[in-house]
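Trainee: This is the structure alone, sequence omitted:
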């Protein structure tokens, strides 16, 4: 891709120069020699006509360089806008992960679980042992999955069942859990720990008693994973922040265009999570991103520097030619700055688009790949 960009830039610059030369000489030849008959062919390629051709060529190159630079800047702005969008996605992902961690390791849940465990140790040591094993599984799963974007439905369901066992031990007959997820959906993907957040919300916002148990159903409908509970709203002293649901919605928005749906009636509350058939390409932060950004920024500066140099050349040199010719000077001294600066400009172009640090890196990479292929062939 990078090599293709270099070739395109070099071909574009060479083509502009060649086309300008041909067009200027061709059009002026037709005008002055064939139509006006003001000069012979020999006179046209020497003397004042030749200087006029060079002056016109430089003006044409100036306009071409300006248009080329304008196109480059527009393309740069487009790429910059794309990078801004990607950075926003990364920021949202990091924020969602942070909020998820705050909810996953809910201190109230841990505190209540430890209270239940302390009671079980005296009343039912065997049950306390099972309870401890379940708690261990839950926190191990949290630590293992917290950095992942997606997990299989099977893993999430198994985790949810373990989490429900803890809740069942704590609330006993006050809470019932029903799982009805199709086996063929187990290989699909969902956002990790989404079920735990939703189960926690069900318990937090609803009251549950033995006479009026809270019934929570987890089931699949097509490519949707549903979590539904009968509505028994608990009186809230403090208004809920809605962080748990917002967390899930935000994380899904970074992964897919499919939405998380929430249904609420007088009798039930339901959340519908999309089940993804495959893992999408995800924008993530890599350790080398900072280096890549710095290299890209340096590259942009190099290209901008070249175009600035080219435009300056196309402005200054025609001006010097004009002064030299119309001042009546016998020596054509404008050739010295034109050639000297021209050589410098050509060198600058090679450095930016052909031979430079990027060329060295490319060659090093090619040699390393060849050596690697040789080693693989010898194994």
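Mentor: Okay, I see it. This is a predicted model, so every value here is computed, not measured. Residues are numbered from 1 along each chain as shown.
Trainee: give the contact list for residue 252.
Mentor: 191, 258, 259, 260, 273, 274 (C-beta atoms under 8 Å, 6 or more residues apart in numbering). Every C-beta, even on glycine, is put in place using the N, C-alpha and C of the backbone.
Trainee: hang on, I meant residue 128
Mentor: With C-beta under 8 Å, 6+ apart, residue 128 has these contacts: 117, 120, 121.
Trainee: which among those residues end up buried?
Mentor: 117, 120 (16 or more other C-beta atoms under 10 Å).
Trainee: So among the contacts of residue 252, which ones count as buried?
Mentor: Applying 16+ other C-beta under 10 Å to these flags 191, 260, 273, 274 as buried.
Trainee: could I get those as CSV with pLDDT?
Mentor: Below are these laid out as CSV (pLDDT from 0 to 100):
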residue, pLDDT
191, 89
260, 93
273, 96
274, 95
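Trainee: Show me which of those residues is closest to residue 316.
Mentor: Relative to residue 316, the closest of these is residue 191; by C-beta to C-beta it sits at 60.1 Å.
Trainee: tell me which element the residue nearest to the closest one when sequence neighbours are not counted is part of?
Mentor: In space, and not counting its chain neighbours, residue 191 is closest to residue 251: 4.9 Å by C-beta to C-beta, 6 or more residues apart in numbering. Secondary structure assignment for residue 251, by DSSP states H and E: helix 243-255.
Trainee: Following element in sequence after that helix, please.
Mentor: strand 261-264.
Trainee: ok, that following strand: who's next to it in the sheet?
Mentor: Sheet pairing here is set by DSSP bridges, and for strand 261-264 it gives strand 268-274 (antiparallel).
Trainee: got any ranges where the stretch 151-300 of the chain has weak pLDDT?
Mentor: Applying pLDDT under 70 to the stretch 151-300 of the chain flags residues 236-244, 281-297, 299-300.
Trainee: show me where it has helices.
Mentor: 153-171, 194-205, 243-255, 289-326 (DSSP state H, counting those that start in this stretch).
Trainee: Deepest in the core, which of these is it.
Mentor: Comparing those by mean neighbour count (mean count of other C-beta atoms under 10 Å), helix 194-205 comes out on top with a mean of 21.
Trainee: quick revisit: kindly reformat the contacts of residue 128 as TSV containing pLDDT and distance to residue 78.
Mentor: Converted to TSV, these look like this (pLDDT from 0 to 100; distance: C-beta to C-beta, whole Å):
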residue	pLDDT	distance to residue 78
117	78	58
120	77	62
121	80	64
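Trainee: Go through the contacts of residue 128 and flag which are in helices.
Mentor: Among the contacts of residue 128, DSSP state H puts 117, 120, 121 in helices.
Trainee: Check whether the closest residue to the first one other than its chain neighbours sits in a helix, strand or coil.
Mentor: Setting aside the residues directly before and after it, residue 117 is nearest to residue 131 in space (C-beta to C-beta, 6+ apart), at 5.6 Å. Under DSSP: H, G, I helix; E, B strand; the rest coil, the three-state class of residue 131 is helix.
Trainee: Offset the numbering so it begins at 35, please.
Mentor: In the new count, where the first residue is 35, that last one comes out as residue 165.
Trainee: Tell me, how many residues neighbour residue 165?
Mentor: 21 (other C-beta atoms under 10 Å).
Trainee: Repeat that for the one 10 residues further on.
Mentor: Other residues near residue 175 come to 22 when the count uses other C-beta under 10 Å.
Trainee: can you tell me the helix or strand for it?
Mentor: helix 159-179.
Trainee: tell me the mean pLDDT for that helix?
Mentor: Mean pLDDT, helix 159-179: 82.
Trainee: got the buried residues for that helix?
Mentor: Under 16+ other C-beta under 10 Å, the buried positions of helix 159-179 are 162, 165, 168, 169, 171, 172, 175, 176, 179.
Trainee: Between the two ends of stretch 64-83, how far is it?
Mentor: 13 Å (C-alpha to C-alpha, to the nearest Å).
Trainee: now stretch 357-376
Mentor: Start-to-end, stretch 357-376 (C-alpha to C-alpha) is 19 Å.
Trainee: Give the rounded mean pLDDT of that stretch.
Mentor: 69.
Trainee: Next: stretch 382-398.
Mentor: So the average pLDDT for stretch 382-398 ends up being 59.
Trainee: Mind listing the residues bridging to residue 302?
Mentor: Here residue 302, judged by DSSP bridges, has bridge partners residue 264.
Trainee: Surely it touches residue 266?
Mentor: No. Taking contacts as C-beta atoms under 8 Å, residue 302 lies outside contact range of residue 266: 10.2 Å.
Trainee: More neighbours: which of these two?
Mentor: residue 266 (17 against 13).
Trainee: I'd like the distance between that one and residue 236.
Mentor: 10 Å (C-beta to C-beta, to the nearest Å).
Trainee: shared neighbours of the two, which are they?
Mentor: residue 248.
Trainee: that older thread, could you dump the buried ones among the contacts of residue 286 to CSV with distance to residue 383?
Mentor: CSV is the format used below for the buried ones among the contacts of residue 286 (distance: C-beta to C-beta, whole Å):
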residue, distance to residue 383
225, 50
294, 53
307, 55
308, 51
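Trainee: Out of those, which comes closest to residue 211?
Mentor: Nearest to residue 211 among the buried ones among the contacts of residue 286, with distances taken as C-beta to C-beta, is residue 307, at 16.7 Å.
Trainee: what's that closest one in contact with, if anything?
Mentor: Contacts of residue 307 (C-beta under 8 Å, 6+ apart): 224, 225, 228, 258, 259, 260, 261, 282, 286, 294.
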